[in-house]
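Starting from these lines, generate the structure:
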Amino acid sequence: VLLRGCELRNTAAAVGVAVFTGTDTKLMRNQRAAPLKRSSMEVLLNKCILLLFVAEIALALICAALSGVWIHQNNDGAWYLRLENANVAAQFGLNILTFMILFNNLIPISMYVSIEIVRLFQAYFINSDREMYAKDTYAAARTSNLNEELGQVEYIFSDKTGTLTQNVMQFRKCSIAGTSYGQGDSEIIRQARANKGEADASASSDSAAAAEAASASAIADKFINFDDARLVDMLEACESAEQDTHMAALDEYPDLYHFMNVLCLCHTVVCEDDPEHPGQQLYQAASPDEGALVAAARALRFEFLGRTPKSLTVKALGRTRKYELLHTLEFNSARKRMSVIVLAPNGKRYLYCKGADTVIMPLLSSSNSSNSRVQQQTQQHLDEYAADGLRTLCLAYRELDDATYKAWAARHHEASVTIGNREEALDRVSAEIEQELVLLGATAIEDRLQDAVPETIRDLARAGVRMADEAPEKASDVLAGLTIVVSGAMP
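Numbers count the residues shown, from 1 in each chain. Now for the predicted structure:
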């Protein structure tokens, strides 16, 4: 089933039949017209006009009734009005219309015209205000309906990813078996130092950037900005061992080997030919984080080459290997993790898992002696990465024996063919196999800030506008890192 908005991959076209169309589909029934944007002053003015209109009708009715009473009492004396043969009901209706016309000045129709003229001038001043000019662009008042609300804004609710940040991910640091790799400061840390008034902040950041670029071990492209000679040397040693003996790197550096395998195997990325660079592959990922991790693995000698429904092909340490893809336990908002079960070329089955630290840590094996030490050190590194404003994921794995896997696979197949509550059944069965994991480490990805985010939030705080994020912990990481949690910046 191809739902609306799906993107075709690895094929130029698809032939199918359109089903579930029309106005009774869930998508169409959930759609509604966009609400009319009106300011609070306009809403209040409409209510006042309605109240005045009701008052005018009441006055007209009262006056028409009193007019009828007066005519009835003075019909003989008011011969000059010629009301002897008048129809009482018709005269009453005519009197109502008469008094409505007499009292029409109660409704200030001209006020709407005056307000629109004022808004027109306000929009002109906003569009030509040099204090609101930045990078060859003036402020644009696209609608005049909300002009008077600008001075009344008290809160701004903002998402972090894609709003405060560029949604362009770069692999910056990682923790493997309790050892942290990756040098240099994130953009948030460099900005925080500049905000604290360090005179040499700019110079130090520039020199740090130059040092990273000049380092022989630095790896930098669109998806990775990593520099640590220790990890590069270990990978070179793994590659040398691999050239001498097949799968030797797995025996000599098991944690590093499995860590890199998680990066290049545990994902849903699809490879496509890069139209701009013939001969190179382009990764199509469901999220920028996933694409950055696979690109980082490629830069670190574990390149993902492609997938079929039943296999994954990688080039690890100079050797091309094909892993049989047994199961993919997909990520969702409830699980907050993703896992794959693969059959490696050495004949062993592995479960590779990545997810949030709050989810992975409780799933670790208590019988593994190294887990406690690695967990403590990794948690410390996770706290450091979070303080730097980096996005973190934990990586773990488990080796599965035949009996355990076959028993679980039968339960998984049974859940996959369930008619009702299939997703809940699959999540429950997936959680059964994602136990007794061995912690490998963590990754840290930087999502760079949009241009002038610190200055913008600081100016908003000075104007009395409070900034809030849809997830408070995200806002705290970014704003605290920028040292712009000044009075009024956060609720």
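
Tell me if I am right that Asp451 is in a helix.
No - Asp451 is assigned coil when assessed by DSSP: H, G, I helix; E, B strand; the rest coil, not a helix.

Counting neighbours, what do you get for it?
When neighbours are counted by other CB atoms under 10 Å, Asp451 registers 10. Where you see a C-beta, it was placed from the backbone N, CA and C, and this is true even at glycine.

what's the spacing between it and Asp388?
20 Å (CB to CB, to the nearest Å).

same question, Thr456
Relative to Asp388, and taking CB to CB, Thr456 is found at 21 Å.

More neighbours: which of these two?
Under the criterion of other CB under 10 Å, the comparison of Thr456 against Asp388 puts Asp388 first, with 21 against 15.

nearest spatial neighbour of the more buried one, skipping sequence neighbours?
Ranked by CB to CB, 6 or more residues apart in numbering and with sequence neighbours excluded, the top spatial neighbour of Asp388 is Ser186, at 4.5 Å.

how about the one you found, phi and psi?
phi -70, psi 170 (degrees, to the nearest 10).

Where do the helices of the stretch 201-350 of the chain begin and end?
With helices called from DSSP state H, counting those that start in this stretch, the stretch 201-350 of the chain shows them at 201-214, 229-244, 248-252, 254-265, 288-299.

quick one: the longest one to helix 254-265, angle?
Looking back up the chat, that one is helix 229-244. 90 degrees (axes from the mean of the first three to the mean of the last three CA atoms, to 10 degrees).

buried sites along helix 229-244?
Residues 231-232, 234-235, 238, 241-242 are the ones in helix 229-244 that count as buried (16 or more other CB atoms under 10 Å).

And for stretch 279-297?
283, 285, 288-297.

just stretch 418-437 next, same as before
Neighbour counts over stretch 418-437 (16+ other CB under 10 Å) mark 425-427, 429-430, 433-434, 436-437 as buried.

What segments of the stretch 251-400 of the chain are strands?
For the stretch 251-400 of the chain, the strands defined by DSSP state E, counting those that start in this stretch occupy 270-273, 281-284, 302-308, 311-316, 319-329, 337-343, 349-355, 391-400.

would you turn those strands into CSV with distance to Ser67?
Listed next are the strands of the stretch 251-400 of the chain as CSV, based on distance: least, CB to CB, whole Å:
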stretch, distance to Ser67
strand 270-273, 83
strand 281-284, 80
strand 302-308, 88
strand 311-316, 91
strand 319-329, 83
strand 337-343, 81
strand 349-355, 81
strand 391-400, 77
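
can you list these in a markdown table and add mean pLDDT and distance to Leu263?
Converted to a markdown table, those look like this (pLDDT from 0 to 100; distance: least, CB to CB, whole Å):
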| stretch | mean pLDDT | distance to Leu263 |
| --- | --- | --- |
| strand 270-273 | 83 | 15 |
| strand 281-284 | 84 | 12 |
| strand 302-308 | 90 | 7 |
| strand 311-316 | 91 | 10 |
| strand 319-329 | 92 | 13 |
| strand 337-343 | 93 | 12 |
| strand 349-355 | 94 | 8 |
| strand 391-400 | 93 | 8 |
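
now Leu97: how far from Ala55?
Distance, Leu97 to Ala55, using CB to CB: 17 Å.

circling back: closest to Asn104 out of the helices of the stretch 201-350 of the chain?
helix 288-299 (61.7 Å; CB to CB).

Just the C-alphas of that closest one, formatted as PDB.
The C-alpha trace of helix 288-299 is given here as PDB (Å, rounded to 0.1, in the frame of the first residue of the first chain):
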ATOM      1  CA  PRO A 288      18.700  13.100   9.100                       C
ATOM      2  CA  ASP A 289      20.100  11.400  12.300                       C
ATOM      3  CA  GLU A 290      20.000   8.000  10.600                       C
ATOM      4  CA  GLY A 291      21.600   9.300   7.400                       C
ATOM      5  CA  ALA A 292      24.400  10.900   9.400                       C
ATOM      6  CA  LEU A 293      25.200   7.700  11.300                       C
ATOM      7  CA  VAL A 294      25.400   5.600   8.100                       C
ATOM      8  CA  ALA A 295      27.500   8.300   6.500                       C
ATOM      9  CA  ALA A 296      29.800   8.300   9.500                       C
ATOM     10  CA  ALA A 297      30.200   4.600   9.300                       C
ATOM     11  CA  ARG A 298      31.200   4.900   5.700                       C
ATOM     12  CA  ALA A 299      33.800   7.500   6.500                       C
END
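
So which elements touch it?
strand 165-176, helix 254-265, strand 281-284, strand 302-308, strand 391-400, strand 438-449 (3 or more CB pairs under 8 Å, 6 or more residues apart in numbering; DSSP states H and E).

Which one, of the strands of the stretch 251-400 of the chain, ends up nearest to Leu50?
strand 391-400 (51.5 Å).

relative to strand 337-343, how tilted is the closest one?
30 degrees.
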